[in-house]
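Enquirer: give me a 3D structure for the following:
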Amino acid sequence: MEDKTEPKKNNKNAANKIKDLYNSYVRTDGTRTIPINKDEQNSDTITDSEPEAQAEVHSEISEEMNAMELKITALEKERDDYRDKLLRTMAEFENLRKRSIREKQEMVDYANERLILRLLPLLDDLYNAVDAGKKTNDAESMLKGIELINQKAIKTMEEAGVKRIENQAGKPFDVDYHDAMLSIPSEFPENTVIQEIQPGYMLNDKVIRHAKVMTSSGEPETLESQNL
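Expert: Purely as a prediction, here's the structure:
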């Protein structure tokens, strides 16, 4: 009986053909290595150019990793430098803030020191005037002494920028300069200052004390108009 079994394929010839194709591929691009097939991956792998290609790839990877490590080290150093600068800047800012608060408080506490130093001689003069008044009955001399002290006080205040608001009697009431204490009928028009009760003062261009005044509420009503 005739044997109809088909002849087995020559796997070795096929493998040789694949090997030739692989070698042709390696000659054109020697940096890549691929297995021929699953069977030859563990046994008949092409090794003519694979070690050199792997070494070259490993060398490139090592160089890239070294370059990345150097870059990471440089970035970490730059980060640390910026952090140190930030911490120093924050510390300097905090010191500046504390110093500003301290200086501001000192300005508040000693803002009037210069003016007080100017007023101290007036205080000395008043003490002397009181002491002299206890030892003499000369009223005229006492009055002259007080007038001199008053003039000295006015000059001292003017040198400090303080001046008295001019008497506003007969002028219209102005809320920027006046504080109305009382309003009474008079021959003056309504809302006219008729008397100054307490003088006001200004520091340079700012009113630091309004003048207390009495104002007019208009002409007084006659008895006949009141009866009507």
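Enquirer: so, low pLDDT: which residues of this structure?
Expert: Within the chain, the stretches with pLDDT under 70 are 1-50, 222-228.
Enquirer: mind redoing it with 90?
Expert: In the predicted model, the chain carries pLDDT under 90 at residues 1-69, 104-119, 122, 126-146, 156-161, 166-170, 182, 186-189, 205, 217-228.
Enquirer: domain map for it?
Expert: Using automatic domain parsing, the domain parsing of the chain gives 12-65, 116-160, 162-228.
Enquirer: comparing these, which comes out most buried?
Expert: domain 162-228 (a mean of 14; mean count of other CB atoms under 10 Å). In short, each C-beta sits where N, CA and C put it, glycine included.
Enquirer: my guess is residue 197 is in a strand, correct?
Expert: Yes: counting by DSSP: H, G, I helix; E, B strand; the rest coil, residue 197 falls inside a strand.
Enquirer: ranges for the strands of the protein?
Expert: 162-164, 178-184, 193-198, 201-203, 206-209, 211-216 (DSSP state E).
Enquirer: would you reformat those as a markdown table and include distance to residue 132?
Expert: Shown next, in a markdown table, are those (distance: least, CB to CB, whole Å):
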| stretch | distance to residue 132 |
| --- | --- |
| strand 162-164 | 27 |
| strand 178-184 | 36 |
| strand 193-198 | 29 |
| strand 201-203 | 29 |
| strand 206-209 | 31 |
| strand 211-216 | 33 |
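Enquirer: neighbours around residue 110, how many?
Expert: Residues contacting residue 110 under the criterion other CB atoms under 10 Å number 10.
Enquirer: and the residue lying closest to residue 199 once chain neighbours are set aside, what does it touch?
Expert: Distances taken as CB to CB, 6 or more residues apart in numbering put residue 164 closest to residue 199, at 5.3 Å, once the chain neighbours are dropped. Listed by CB atoms under 8 Å, 6 or more residues apart in numbering, the contact set of residue 164 reads 154, 199-202.
Enquirer: kindly report the same for residue 173.
Expert: 180, 191-193, 213, 215.
Enquirer: pick the one among the contacts of residue 164 closest to residue 142.
Expert: If you rank those by distance to residue 142 using CB to CB, residue 154 comes first, at 19.0 Å.
Enquirer: mind listing the helices in the protein by residue range?
Expert: Using DSSP state H, the helices of the chain run over residues 11-28, 50-109, 113-135, 139-159, 223-227.
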